[in-house]
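Asks: Quick one, structure for this:
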Amino acid sequence: DAAKFFHTCLFGPQGKEAMDYITSRGLPRPVLRHFGVGYAPDDFGALTRHLLSLGYSAEEMTLACLCGISKKNQKPYDYFRGRVMFPIIDTAGNIIAFGGRVMDGSQPKYLNSSDTPVFKKSRNLYALNFAKQHCAQRLILCEGYMDVIAMHAAGFENAVATLGTAMTPEHARILSRYAAQVVIAYDSDEAGQTAAGKAIRLLEAVGTDVRVLRMKGAKDPDEYIKKFGADRFRLLLEESIGQFDFRFDNIVSKYDLSETASKLKAAEEVTDLLAGIGSEVERDVYLIRAAQKLNVSAESLRHDVGRSVKKKKKKQERE
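Replies: Model prediction:
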């Protein structure tokens, strides 16, 4: 009932500003209807009054994280106000929560439902209800709702996102159930790349093949598709890099390899990275590439990696 109310508001007179904002982001109306996108009026009691009129109690609305209770007068007030609303739908088709986005630069940019009896952030993924029908062994993991909707609109209907929280082991397990490969399409800024590093570790732990998207000239998938088109993005997906290349590039980018001290630090980190690869053949392939990039002897790097592998084994045995 709350989702219907928000959706009606978006397509009504009070939703004009929100509709203008969404349209400026290049999302057509059929896509908004498909995802059930709505608008929460900038009013402390709009949704509350509507739900009370349908017979819901303040206790039920609070439990569903749709309203709070005022400390001044103990009356319920709307939790979501003046935001574009994204209903979160589980794989059975039930609306279980909401995410709300501001249309200006105010903070927080996103407001998400807290955990409720029917919703756990760590166990749900946005748009998985649609993506599960189109994953074909690959899922694309994005950072936000707008990225996912833009990608579905452009024909990439296997895109999903976490819900206002960092990647969790539960998310990784869910993703591994639906696809053998996950392509991480996080923002190209520092925060996005740090989050991608964490996601790689969690997905690797459940045996998923992980790839990382390299986006140049755009900060996120939404912007990239708008700038360069869906065909270029499709090529980008095919050129996505493996977890080793992602981590190796991050290490190398930190250091000036023309300086001896910096080169030694980079080599030390790369040695540790290579020692963490279980397969000897895979390790050797990456080792040769790393030695060329660092401009060091492959034999000396192999020797250091061998020592590091022995140290790791001893540490594991002790633990």
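Asks: now the strands: where do they sit in the stretch 101-250 of the chain?
Replies: 110-112, 138-142, 159-161, 181-184, 209-212, 241-242 (DSSP state E, counting those that start in this stretch).
Asks: Out of these, which is closest to F44?
Replies: Of all these, strand 110-112 sits nearest to F44, with 14.6 Å by Cβ to Cβ. In short, each C-beta sits where N, CA and C put it, glycine included.
Asks: which residues touch that closest one?
Replies: Residues from elsewhere that reach strand 110-112, judged by Cβ atoms under 8 Å, 6 or more residues apart in numbering: 79-80, 83, 97-102, 121, 144-145, 163-165.
Asks: ok, now stretch 262-281?
Replies: Contact with stretch 262-281 is made by 244, 247-248, 251-252, 254-257, 283, 286-287, 290, 294-296, 301, 304-305, 308-309, 311-312, as judged by Cβ under 8 Å, 6+ apart.
Asks: Mind doing that once more with 6 Å?
Replies: Applying Cβ atoms under 6 Å, 6 or more residues apart in numbering, the external contacts of stretch 262-281 come out as 247, 251, 255-257, 283, 287, 290, 294, 304-305, 308-309, 312.
Asks: Mind putting those into TSV with neighbour count, secondary structure and distance to S70?
Replies: Shown next, in TSV, are the contacts of stretch 262-281 (neighbours: other Cβ atoms under 10 Å; DSSP: H, G, I helix; E, B strand; the rest coil; distance: Cβ to Cβ, whole Å):
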residue	neighbour count	secondary structure	distance to S70
R247	20	helix	49
I251	19	helix	52
Y255	17	coil	55
D256	9	coil	57
L257	14	coil	60
R283	20	helix	61
L287	21	helix	63
A290	23	helix	60
L294	20	helix	62
D304	18	helix	64
V305	23	helix	62
S308	17	helix	59
V309	18	helix	61
K312	13	helix	56
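Asks: With distance to A218 and pLDDT added, can I get those residues in JSON lines?
Replies: Shown next, in JSON lines, are the contacts of stretch 262-281 (distance: Cβ to Cβ, whole Å; pLDDT from 0 to 100):
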{"residue": "R247", "distance to A218": "22", "pLDDT": "87"}
{"residue": "I251", "distance to A218": "24", "pLDDT": "91"}
{"residue": "Y255", "distance to A218": "26", "pLDDT": "91"}
{"residue": "D256", "distance to A218": "27", "pLDDT": "91"}
{"residue": "L257", "distance to A218": "28", "pLDDT": "89"}
{"residue": "R283", "distance to A218": "34", "pLDDT": "89"}
{"residue": "L287", "distance to A218": "33", "pLDDT": "93"}
{"residue": "A290", "distance to A218": "29", "pLDDT": "93"}
{"residue": "L294", "distance to A218": "30", "pLDDT": "93"}
{"residue": "D304", "distance to A218": "38", "pLDDT": "93"}
{"residue": "V305", "distance to A218": "36", "pLDDT": "92"}
{"residue": "S308", "distance to A218": "37", "pLDDT": "92"}
{"residue": "V309", "distance to A218": "39", "pLDDT": "89"}
{"residue": "K312", "distance to A218": "38", "pLDDT": "85"}
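Asks: Reformat the residues you listed as a markdown table; add distance to D115.
Replies: Converted to a markdown table, these look like this (distance: Cβ to Cβ, whole Å):
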| residue | distance to D115 |
| --- | --- |
| R247 | 32 |
| I251 | 37 |
| Y255 | 42 |
| D256 | 46 |
| L257 | 46 |
| R283 | 41 |
| L287 | 45 |
| A290 | 43 |
| L294 | 46 |
| D304 | 46 |
| V305 | 44 |
| S308 | 41 |
| V309 | 42 |
| K312 | 37 |
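Asks: Return the closest of those residues with respect to E319.
Replies: K312 (10.5 Å).
Asks: can you pull the contacts of that closest one?
Replies: Per Cβ under 6 Å, 6+ apart, neighbours of K312: A275.
Asks: where's it relative to R318, distance?
Replies: 11 Å (Cβ to Cβ, to the nearest Å).
Asks: who's in contact with V305?
Replies: 271, 274-275.
Asks: Model confidence score at the closest residue to it other than its chain neighbours, please.
Replies: Leaving aside its chain neighbours, V305 sits nearest to L274 (4.7 Å; criterion: Cβ to Cβ, 6 or more residues apart in numbering). Note for L274: predicted pLDDT of 92.
Asks: Quick check: phi and psi at L274.
Replies: Dihedral pair for L274: phi -70, psi -40, per degrees, to the nearest 10.
Asks: so where's the chain shaky on pLDDT?
Replies: For the chain, applying pLDDT under 70 flags no range at all.
Asks: tell me the centre residue of it?
Replies: E143 (2.9 Å; Cα atoms, centre = their mean).
Asks: Quickly note the distance from it to T162.
Replies: From E143 to T162 the distance is 8 Å (Cβ to Cβ).
Asks: what about stretch 41-58, distance to the chain center?
Replies: Relative to its chain's centre, stretch 41-58 lies at 32 Å (Cα atoms, centre = their mean, to the nearest Å).
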